[in-house]
Structures are given as structure tokens and as C-alpha cells.
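Asks: sequence-free structure coming up:
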């Protein structure tokens with residue numbers, strides 16, 4: 001009989017325990033959890049704070065008692081595993097309730113310690129009212145502080161997933177909120193022009209968004225307030241701070257045991273989820289996995305990968321041979337009535353790596369435009385010169401999840417942008433279009449790679465050469481209402497064929513319309529009449545996104 005000990009629950013550890021029992025009815029399985037809760041929906045914590053999930057109990061997926069009844073797994077809460085003796089194959093456990101320590105022997109050991117919120121060593125960082133959100137007790141502390149202190153203003157530090165979700169939750173509770181972000185954008189996994197849509201929506205909601213603004217120090221002021229000293233020299237008085245700067249892998253137990261850590265600071269594992277000790281496995285936010293595109297080590301603290309890793313580790317601890325096939329980083333976040341989602345690498349990362357890439361933007365509707373309720377989908381597709389999909393990002397009010405999900409599947413399947421043209425996706429007017437957003441991205445990318453309709457980008461327009469000219473083919477009323485690129489000349493598309501004589505053939509024409517579709521038609525027309533022309537990918541809408549302050 002195999003004896004499996006698991007350190008840590010939630011996504012990785014709990015899924016491993018359940019899978020191990022399903023695979024071996026006779027194995028002895030014990031889970032040790034430092035806190036009170038073995039399996040809870042940590043991704044749902046902000047939504048309980050904001051009131052979308054009214055019941056706290058809805059977040060508790062399993063209890064020690066339910067785990068025992070259903071899976072015959074022993075769960076020991078308030079049990080802190082403080083040391084591993086690899087030679088003896090034992091762990092030392094501190095019973096936090098009794099203050100006693102004891103040892104347990106293992107045949108196989110799984111580490112799922114997770115990650116801890118980053119608390120930078122700033123003056124005043126440990127002041128009352130400076131909180132983080134990672135688990136149920138953190139959530140309870142935030143709710144208690146809101147109820148007891150009744151702050152008149154709350155500050156969220158960090159514009160990642162947790163920061164954005166907490167910003168919305170606190171705003172939903174009727175509190176004035178300031179969101180501080182050190183970089184020039186929120187939601188780092190997407191590129192800045194895509195994040196610009198989020199910036200506009202956050203400010204429209206009444207949240208004070210302060211980009212390029214770091215937190216230098218925290219000062220306690222009476223009565224029960226906090227004064228923030230910011231990187232730009234200003235101060236901000238607030239009643240409560242939620243730190244959402246990021247997380248770091250919990251590796252102390254592994255490093256004390258002499259297990260190898262990776263270059264990013266997480267526990268190093270192979271595709272079997274084995275650590276440098278063949279009897280010890282590790283999963284979840286504490287480990288380094290391999291990036292799907294580059295094959296390089298990466299830290300990706302997401303619940304989906306952690307669950308799959310737990311499954312694979314359980315199989316392999318019981319003698320099977322299963323492998324984890326890298327991480328794409330597919331993720332989505334709700335920001336008021338917008339969704340922002342991504343998969344694969346973003347443009348910032350591709351530039352850092354020095355990888356050759358191309359990109360296109362499309363802005364079609366979420367479903368057929370003649371059916372009520374269609375919403376724009378802004379999608380950015382990144383791909384290699386040979387057509388391989390490198391990454392994608394999308395922002396909008398409807399249909400964002402399904403488009404990024406399709407592209408995540410296409411990327412994992414090794415499809416190219418050429419094959420996106422052929423995907424047969426569901427169509428009825430309330431749900432999509434005969435040419436879906438994904439098909440449209442494939443058409444635009446393929447036309448560019450084939451040279452049928454080459455695209456250019458906002459950076460090209462900003463660095464316009466003397467031998468280039470911007471031609472806007474929208475109608476004059478659109479320019480007056482929506483704005484125009486400085487210096488662009490205007491000939492509406494429907495008049496273009498009859499006004500070709502007004503255009504210089506000694507200059508390359510950069511074609512702009514609203515979203516790129518009419519620009520494509522104009523580009524095809526012009527090149528067949530002997531002009532040099534490129535279409536501004538995504539049109540004036542992308543220009544607005546990329547140049548937004």
C-alpha cells in the first residue's frame with residue numbers, strides 16, 4: 001500500500017488527493033494544511049467581498065469531513081509541515097492547535113504550498129489597515145475592517161488580477177477607490193494599447209487610476225487613517241490599503257530540504273511534476289513550469305494549471321507515466337462590464353526575447369450586427385513569420401472568453417493563422433457571425449503574410465517618412481465626430497476609384513479607416529492601380545488605443 005503525504009490543499013493539493021484516491025482505493029493519503037481550510041475557491045474571494053457571491057459558505061468547496069466521507073482522505077488542518085528528511089523519507093509536522101511536533105513517514109510526498117502575497121519592505125507596511133487577499137482568513141479580515149473601521153476611502157496597490165477585482169469589489173460597495181500602479185498600464189499580461197480600454201473604463205466608473213505611481217511609505221494618522229507617501233512626491237490619505245502587488249512562490253520548505261530551485265525562484269520540476277528528489281513531487285503556484293512558446297522556465301500562478309498538475313502528479317506517484325505539457329498562461333479578468341483575456345506571449349515579452357513576430361488587430365462585433373446587442377471585440381493576434389500563433393489578447397463586453405479559448409486551443413494544437421481561416425465555428429445571429437472574429441483575424445494575418453494586403457502599425461505612422469502619406473478612407477462625418485490622425489488626407493472609400501488621380505504614386509500610402517476593413521478594400525484597390533499601399537491594422541480605433549494617455 002502506497003503512503004502519500006500532501007503538503008497544502010486548495011487547487012493543486014486537493015485535486016491531487018482526489019485523483020490519487022480515484023486511481024487507488026487502497027492508498028493511504030494524508031493532506032496537511034497550515035490553515036483552517038483545505039479546499040476553497042480563492043478566485044471567488046473578491047466577488048464575495050463585492051457582494052456578487054452572497055454566501056461565504058459557497059466558497060468552501062470541501063471540508064476535512066466531506067473529504068473523508070467522499071474520498072477517504074485524512075485531512076489535518078492547522079498542521080504546519082516544517083521540515084523534510086529526505087534520507088529517512090519523513091516530514092516533521094507542527095500541530096498549531098497543540099503546539100506539538102511529530103513525524104510522519106511517506107512513500108511519496110507532494111508539495112503544494114502555493115504562493116504568498118508580496119509585502120515590500122516599505123516604512124509602515126505592517127501598519128493596521130494594510131491588508132492582502134490570498135485566502136479565506138484574508139477575506140474575513142478585509143470584511144471585518146470594512147465593517148469596523150467604515151473607511152471613507154480605500155486604496156488598492158497593484159493593477160493585476162487581484163488588484164482589478166478588488167478595485168471593482170470595493171467600488172461596488174459604494175466606496176471611493178484609488179488604484180495605484182507603478183507601471184504605465186494595468187493588467188501586465190496584455191500590451192499597453194489593449195489595456196488602454198481598461199484605463200478608460202476604470203476612470204469612467206469614477207475610480208481614481210494613478211499610473212506610473214509607486215508607494216514609498218505608509219504613515220499612520222489619527223483617527224484610524226493612513227497617509228500614503230507616493231513616488232511622485234504627493235501624499236494620499238486613505239482608510240484602508242489592499243496590497244495586490246503580486247505573489248512569490250512559497251519555497252522555504254523545499255529549499256531547507258535541499259530540493260533544487262529554478263532560475264525564477266520556484267521549485268524546479270520535470271514534466272512528471274517530480275522535483276530533484278524522485279520521491280517528492282510539487283505542483284501549483286510554488287513551482288516553475290515551462291512556457292508553451294519558448295520552453296523557458298516561468299512562474300504562472302493560475303488555478304487551471306495547478307489543477308492539471310495535481311492530477312498528473314497523483315498519477316505518477318502511483319506508477320503511471322503522465323506529463324505536463326507546458327503552460328500558455330491563458331487567463332481572463334472582469335473589469336466592470338468589460339472582459340480582458342489573453343493566451344501565449346504578449347508583444348512586450350516577444351521584444352524582450354528578440355523573437356521575430358507579426359501582429360494584426362481586428363475589431364468586429366461579438367455577433368451579427370443586425371441582431372440587437374452586438375458589442376465590439378478588440379482582438380490582437382501575434383504570430384511568427386511562418387504563421388505559428390504566438391499569443392492573443394482581447395478586450396470587450398461580450399464573447400471575449402470564447403475567442404481567446406478558441407485561440408488557446410489553436411495554439412496548443414500547433415495551428416497557424418492560415419488555418420484560422422478554415423475554423424468552422426457556430427453561427428446564428430444572436431451568437432456570432434458567418435465570419436467569426438477568429439476567422440477575421442486569420443484572414444487579416446494570412447493576407448499580410450501572403451502580401452495580398454500588407455499591414456502597418458501605429459508606430460509606423462508615428463515615425464512617418466517623407467515618402468509616406470496617410471490616407472483616411474472614412475466618410476467626412478466620421479472624422480468630425482471621432483477624430484483623425486494628424487496630417488491625414490481624406491478620400492472616402494466609395495469615391496476613391498474615381499479620385500485616384502489626386503494621389504501621388506511616388507509615395508507609399510498608409511491607409512486608415514475606422515477598424516481596418518475599408519482600409520483593406522482600399523489597399524487592394526490601390527496596389528492593383530500601381531500604388532504602394534499598406535493598411536493600418538485595426539484602423540483609427542487601434543490608433544486611439546495606442547496613443548491614449
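Replies: Cool, the structure landed. Predicted, not measured: the structure shown is a model, and the values here were computed from it. Residues are numbered from 1 along each chain as shown.
Asks: CA only for contacts and neighbour counts going forward, please
Replies: OK.
Asks: buried residues in stretch 112-122?
Replies: For stretch 112-122, a neighbour-count test (16 or more other C-alpha atoms under 10 Å) marks 112-117, 119 as buried.
Asks: continuing past the helix or strand that contains residue 443, what's the next helix or strand?
Replies: Per DSSP states H and E: residue 443 is located in helix 437-450. Next in sequence after helix 437-450, counting helices and strands by DSSP H and E, comes strand 455-456.
Asks: in strands, which of the buried residues of stretch 112-122 fall?
Replies: 115-117 (DSSP state E).
Asks: kindly reformat those as a markdown table and extend each row with distance to residue 200 and pLDDT.
Replies: Below are these laid out as a markdown table (distance: C-alpha to C-alpha, whole Å; pLDDT from 0 to 100):
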| residue | distance to residue 200 | pLDDT |
| --- | --- | --- |
| 115 | 31 | 92 |
| 116 | 31 | 91 |
| 117 | 28 | 92 |
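Asks: save the residues you listed as CSV, and put in distance to residue 75 too.
Replies: Putting those into CSV (distance: C-alpha to C-alpha, whole Å) gives the following:
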residue, distance to residue 75
115, 20
116, 22
117, 25
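Asks: which among those residues gets closest to residue 339?
Replies: residue 117 (24.2 Å; C-alpha to C-alpha).
Asks: residues in contact with the residue nearest to the closest one when sequence neighbours are not counted?
Replies: Counting by C-alpha to C-alpha, 6 or more residues apart in numbering, residue 117 lies nearest to residue 247, which is 4.3 Å off, once chain neighbours are set aside. Neighbour list for residue 247: 115-118 [criterion: C-alpha atoms under 8 Å, 6 or more residues apart in numbering].
Asks: with those in mind, which one is nearest to residue 228?
Replies: For the contacts of residue 247, the residue nearest residue 228 by C-alpha to C-alpha is residue 118; the value is 17.8 Å.
Asks: isn't that closest one right up against residue 242?
Replies: No - using C-alpha atoms under 8 Å, residue 118 is not in contact with residue 242, being 11.5 Å away.
Asks: tell me how far residue 11 lies from residue 382.
Replies: Distance, residue 11 to residue 382, by C-alpha to C-alpha, to the nearest Å: 31 Å.
Asks: who's more crowded, those two?
Replies: Taking other C-alpha atoms under 10 Å, residue 11 and residue 382 do not tie; residue 11 has more neighbours (27 against 24).
Asks: just the element for that one, please.
Replies: Assigned by DSSP H and E, residue 11 belongs to helix 10-23.
Asks: who does whatever helix or strand comes next after that helix pair up with?
Replies: Counting by DSSP H and E, the element after helix 10-23 in chain order, helix or strand, is strand 28-32. Here strand 28-32 is paired, per DSSP bridges, with strand 3-7 (parallel), strand 74-76 (parallel).
Asks: tell me the gap between strand 28-32 and the middle of its chain.
Replies: Relative to the centre of its chain, strand 28-32 is centred 32 Å away, using C-alpha atoms, centre = their mean, to the nearest Å.
Asks: and the angle for it with helix 10-23?
Replies: In terms of direction (axes from the mean of the first three to the mean of the last three C-alpha atoms, to 10 degrees), strand 28-32 departs from helix 10-23 by 170 degrees.
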